[in-house]
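In: Pasted the sequence and its predicted model underneath.
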Amino acid sequence: MKISKKSQYGLRAMVYLADPCLKDEICPLKKISKDEEIPFAFLEKIFSKLEKAGLIKAKKGVRGGYFLARRPKKIKVGEIIRILEGTMAPVLCIAKEREKRFFCPRRKICLTKNVWQKIQETLNFALNSITLADLANPEGPAKVSSKFRRAYGARK
């Protein structure tokens with residue numbers, strides 16, 4: 001499975017908004033675009049999706065910009081990726097979203113379906129175990145890694 005630039009940029013921009021140094025400040029899109037080196041027009045489209053989904057809010061006007069709709073510890077990475085990607089299924093025959101799923105004539109006799117489902121479950125578990133607060137924390141990568149190892153190890 002390949003994660004698109006849309007999701008990579010979207011996640012980076014969301015982590016930017018979650019930065020504890022911002023302390024709930026309203027952040028202009030131009031600033032996020034410049035600081036994170038994300039094409040402005042592309043970021044506008046990404047933020048439009050995230051706003052429609054209720055993850056961010058916009059304030060219009062001269063001092064306008066964007067801010068998180070919920071606290072960073074309440075927003076999971078999996079939620080962001082699903083909003084921007086549409087599905088996290090490694091193959092479309094197991095996609096839960098109706099518009100993404102297709103009818104596979106081999107669905108009843110497929111010997112590999114369980115592999116794809118296991119991959120999807122593991123990916124969903126990993127992405128849903130990480131919050132924006134985890135990533136925005138200065139020790140983010142180490143914290144995320146140990147958090148996932150503890151959670152995934154307990155799952156086995």
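Out: Structure received.
In: Could you use CA atoms for every contact and neighbour count after this?
Out: Fine.
In: show me where pLDDT drops low in the protein?
Out: The model of the chain has pLDDT under 70 over residues 1, 24, 97-102, 138, 140-156.
In: The residue lying farthest from the centre of the chain and residue 124: what is the separation?
Out: Distance from the C-alpha centroid of the chain peaks at residue 109, with 33.3 Å (C-alpha atoms, centre = their mean). Shown here: residue 109 relative to residue 124, a distance of 25 Å by C-alpha to C-alpha, to the nearest Å.
In: before we move on, what about residue 34?
Out: In terms of C-alpha to C-alpha, residue 34 sits 31 Å off from residue 124.
In: Tell me which of those two has more neighbours.
Out: Just comparing residue 34 and residue 124: by other C-alpha atoms under 10 Å the higher neighbour count belongs to residue 124, 18 against 11.
In: So that one sits against residue 79, correct?
Out: No. At 9.5 Å, residue 124 does not count as touching residue 79 under the criterion of C-alpha atoms under 8 Å.
In: Apart from its neighbours in sequence, what residue is nearest residue 9?
Out: Nearest residue to residue 9 in three dimensions, chain neighbours excluded: residue 38, at 6.6 Å (C-alpha to C-alpha, 6 or more residues apart in numbering).
In: Please tell me I have it right and residue 7 contacts residue 86.
Out: No. The pair residue 7 / residue 86 is not scored as a contact, 10.3 Å apart, by C-alpha under 8 Å.
In: Pick out whichever of these two has more residues nearby.
Out: Relative neighbour count places residue 7 above the other of residue 7 and residue 86, with 18 against 14, counting by other C-alpha under 10 Å.
In: Just to be sure, residue 84 is in a helix?
Out: Yes. Using DSSP: H, G, I helix; E, B strand; the rest coil, the assignment for residue 84 is a helix.
In: Roughly how far does it sit from residue 10?
Out: On the measure of C-alpha to C-alpha, residue 84 and residue 10 end up 8 Å apart.
In: any common contacting residues for those two?
Out: With contacts defined as C-alpha atoms under 8 Å, 6 or more residues apart in numbering, the residues shared by residue 84 and residue 10 are residue 46.
In: could you pull out the strands for the chain?
Out: 56-59, 65-68 (DSSP state E).
In: Let me know which of those is tucked in deepest.
Out: When those are scored by mean count of other C-alpha atoms under 10 Å, the highest mean neighbour count falls to strand 65-68 (a mean of 21).
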